[in-house]
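Novice: Predicted coordinates and the sequence they were generated for:
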Amino acid sequence: MRIADWFKKDIKIKVLAFFIALLFWLYVSNVTNPFKTVTIYNVPVNEINKDYLDENDYKLKNQPRTFIDITVRGRQNVVEKIRSTDFEVYMDYSQIKSVSYKKLTLSEPVCMFKNVTIESYNPKEVDIQLTRYKTKYFDLEVVSNVTMKPGYVMLRATASTEQIPVIQEETVVDSIASVKAFIELADVDRDTVVQQVQCKAFDKNGNEIPNIDLMKVNVTIETAKEVPVSLVTRGRLAANHIEILDNRVVEPSRVLVKGPPETLENLKEIKTEQVDIDGLDKDLSTTVPLVVPEGTELVNSPKDARVFMDIEGLVVRNFEFTKDDIAILNARNDGTLVYEIVTDKVLVQFRGLQTDLNSIVASSLRPAVDVADLAEGTHRLQLNLNLPQTGNLNLVQRAYVEVRISRTPETPPEENQAGEQQSEEKPPANP
């Protein structure tokens, strides 16, 4: 019998037998190994493309959930073997498009076992909180509260770096208006380095922004000593000429000097090179180099000084007084002596600046002679004058007048004195 004939023989009986066997197999399978639905808890989520955050300056403010629960269905003998590590599920950070993203969608879980159906998983999205970090460089401002020793000045306070990097959340960085470093020192007289000065951030209103960890810097304080410039001259002005010191100009009048502290401590002035004024009879305007002591240097100051000297010629003015213009001082008032100025006229000469001489009024000089304690006779006395209060006015020479002192006719002569006598010159009471 051929095989084909065998399949054709009793075909109905054979089909019925197949279905009976299938039903029996299904019965046995469902009783001994039925379908079962189970939930696998704490299935780990794989994070991918996490470097995308750093590449785009994003930072996570929270720790995203990295596990989920998955419900599966399959034959009992299969699902009972499934563990949380038998799944693949991913959280892809490259989904983020802006700092406002709040959720990341998880990938569909994949089970490593065959003939298992994933019915559901929870959660399907993970909550995230993002912030975007920003890097910005700020110019550093050094705020110094430095008290210098007398005569010293602070040239500058310089930080070890000019700009401070700030790496913070974008909103924080955008709120910063300035970065400052503060130093406080007292009685400074030399260059000083202040180590590890903390930088601080401030908003536009000048308020310090807390909780920002900025770098520390070293701050160098550069100092100098301020000393006057002294003009050095050689020779004498021409005869009858003077310098009007109030009009003297030396620019700069003071300079800044740097050098070793020991040298600066003893430095009182910076002198100019010698200026020759011998025989000078007119104004002088010149430039002269400054003499800087060895080991020191000028800072923020010129190396030459501009000098101006106001030279004025002296002139003579004559004042003539008659004997009637001259007062007699300290004469005896008991009527026993008579006082008479013999000199008819006396010439007084003043030498000084024309402007000063022009200001003199003759009557203000109040010429007078002092006859205190003088006896009878003719005396040569120095003329007293009320000199004007000016430093540039002098008498050319002293002026003298003769005064005769005689007794009244009815007064007897004093003992041990007879006739007229010539006295010695009497110095003035107010020369």
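Specialist: Sure thing, it's come through.
Novice: Could you name the helices and strands sitting against the helix or strand that Gln195 is a member of?
Specialist: Using DSSP states H and E, Gln195 sits within strand 192-202. In this structure, strand 192-202 makes packing contacts with strand 178-188, strand 216-230, judged by 3 or more C-beta pairs under 8 Å, 6 or more residues apart in numbering; DSSP states H and E. The C-beta positions use only the backbone N, C-alpha and C, and glycine is treated the same way.
Novice: Arg236 reaches Asp276, doesn't it?
Specialist: No: Arg236 is not in contact with Asp276 according to C-beta atoms under 8 Å; the separation is 10.7 Å.
Novice: check contacts around the nearest residue to Ala327 once chain neighbours are set aside.
Specialist: Distances taken as C-beta to C-beta, 6 or more residues apart in numbering put Ala368 closest to Ala327, at 4.0 Å, once the chain neighbours are dropped. Going by C-beta atoms under 8 Å, 6 or more residues apart in numbering, Ala368 touches Ile326, Ala327, Ile328, Leu329, Leu383, Asn384.
Novice: what do you get for Phe18?
Specialist: Contacts of Phe18 by C-beta under 8 Å, 6+ apart: none found.
Novice: Next, it: secondary structure please.
Specialist: Put simply, Phe18 is helix when judged by DSSP: H, G, I helix; E, B strand; the rest coil.
Novice: Give me the pLDDT for it.
Specialist: At Phe18, the pLDDT value in this model is 70.
Novice: And Leu395, by the same measure?
Specialist: pLDDT, Leu395: 87.
Novice: Who does it form a beta bridge with?
Specialist: Phe350 (DSSP bridges).
Novice: That one against Gly352, yeah?
Specialist: No: applying C-beta under 8 Å, one finds Leu395 not in contact with Gly352, separated by 9.8 Å.
Novice: okay, the two: which has more neighbours?
Specialist: Ranked by neighbour count (other C-beta atoms under 10 Å), Leu395 and Gly352 place Gly352 first, with 24 against 15.
Novice: Count the neighbours of the closest residue to that one other than its chain neighbours for me.
Specialist: Of all residues not flanking Gly352 in the chain, Leu393 sits nearest, at 3.8 Å (C-beta to C-beta, 6+ apart). By other C-beta under 10 Å, the residues close to Leu393 number 18.
Novice: Would you mind measuring from Leu393 to Gln354?
Specialist: 11 Å (C-beta to C-beta, to the nearest Å).
Novice: The host helix or strand of Lys134: which residues count as buried?
Specialist: Per DSSP H and E, Lys134 falls inside strand 130-148. Under the neighbour-count criterion of 16 or more other C-beta atoms under 10 Å, strand 130-148 has Leu130, Thr131, Arg132, Tyr133, Phe138, Leu140, Val142, Ser144, Val146, Met148 buried.
Novice: can you redo those residues as a markdown table with distance to Leu347?
Specialist: Below are the buried residues of strand 130-148 laid out as a markdown table (distance: C-beta to C-beta, whole Å):
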| residue | distance to Leu347 |
| --- | --- |
| Leu130 | 107 |
| Thr131 | 102 |
| Arg132 | 101 |
| Tyr133 | 99 |
| Phe138 | 84 |
| Leu140 | 79 |
| Val142 | 73 |
| Ser144 | 69 |
| Val146 | 67 |
| Met148 | 61 |
